[in-house]
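**Q** Build me a model:
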Amino acid sequence: IQCVNTSYDFMDKMLDEIAQVFSDPWIHNGGDEAWFGRQCWGANQEIRDWMAENGVDSLDELEKIYNVRLANMVVSKIKNPVVWQEAFFNDKGYEQMPKNLIVDVWAAGSDNPSDLDAVTKRGFRAIWSAPFYLDHLDKHFPKMYDMNLWNIPGNAAQQKLLLGAKACMWAETADVNNWMQRAWPRAGAMAEHTWT
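**A** Predicted coordinates:
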C-alpha cells in the first residue's frame, strides 16, 4: 500500500536527519493518545484493504505494528527509542519492542505507580513523568517533595531500571504570559527532589 510505505519512508528519512543533528543517545517517538489517528486509519479504504490483506484484525494491532516498526527504525540509527506508555502497552506491543526501549510512564498517578511496575517487571527501562506534571495546577510545589521517587514497587533489579524522572508541561494551561508562574517553583522543587 503506497500511503503506508510512504509514511515509513518519510519517518526513516526524518530519523536519519534527527540522528545526524542531535548527538543524544535516544529519540522519543511519542505514541500516546493516538486514538484519534486510529479513527482516521479506520476511515481510509486503502488502510482497511491493507489490514485485510495482511491479517491485521484491529486498529490497535495496526498501531502496534507502526510503533514497533518505528522503534526498530530508531535502533537502526544507533539510538535508544523512547515511547510513551501507550505505545508500550497497546495490543501487548512490549512483546515485540526492542529491548533497549525506554518507556516514559506518564499516566499512572503519583500514588499509583502500577504502570511503572509493569514496565520494569518486563525488563524495560523507564522514566517516570506521572507525578511531575507542571500543568496540573492542583500540585503545589510542596507536593513535589512528597513524592518518593525511589520508593517504587518491584525488586532491586526493577528499581535499577528506573532511569529517573522528568517534569512535563503542556500548553493547555500555559502561554507566553504565564508559563513562568506555571513552571516555577514546582520545576525547581522537582529537580531538587530528584537530584538529592
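**Q** Report the distance from stretch 35-55 to the chain centre.
**A** Centre-to-centre, stretch 35-55 and its host chain are 23 Å apart (Cα atoms, centre = their mean, to the nearest Å).
**Q** Which residue ranges of the chain form helices?
**A** 2-21, 35-42, 45-53, 59-76, 85-89, 114-121, 141-146, 156-160, 179-183, 186-195 (DSSP state H).
**Q** Can you tell me the centre-most residue of this protein?
**A** Taking Cα atoms, centre = their mean, the centroid of the chain lies closest to Trp84, which sits 1.5 Å from it.
**Q** so where's this structure shaky on pLDDT?
**A** By pLDDT under 70, the weakly predicted segments of the chain are 1-4, 36, 108-112, 150, 196.
**Q** what residues are up against Pro25?
**A** Under the criterion of Cβ atoms under 8 Å, 6 or more residues apart in numbering, the contact list for Pro25 reads 79-80. Yep, even glycine has a C-beta here, placed from its N, CA and C like the rest.
**Q** From Val75, how far off is it?
**A** To Val75, Pro25 is 12 Å away according to Cβ to Cβ, to the nearest Å.
**Q** Surely the residue nearest to the centre of the chain is in contact with Gly31, unless I've mixed up the numbering?
**A** Yes - with contact defined as Cβ atoms under 8 Å, Trp84 and Gly31 form a contacting pair (5.1 Å).
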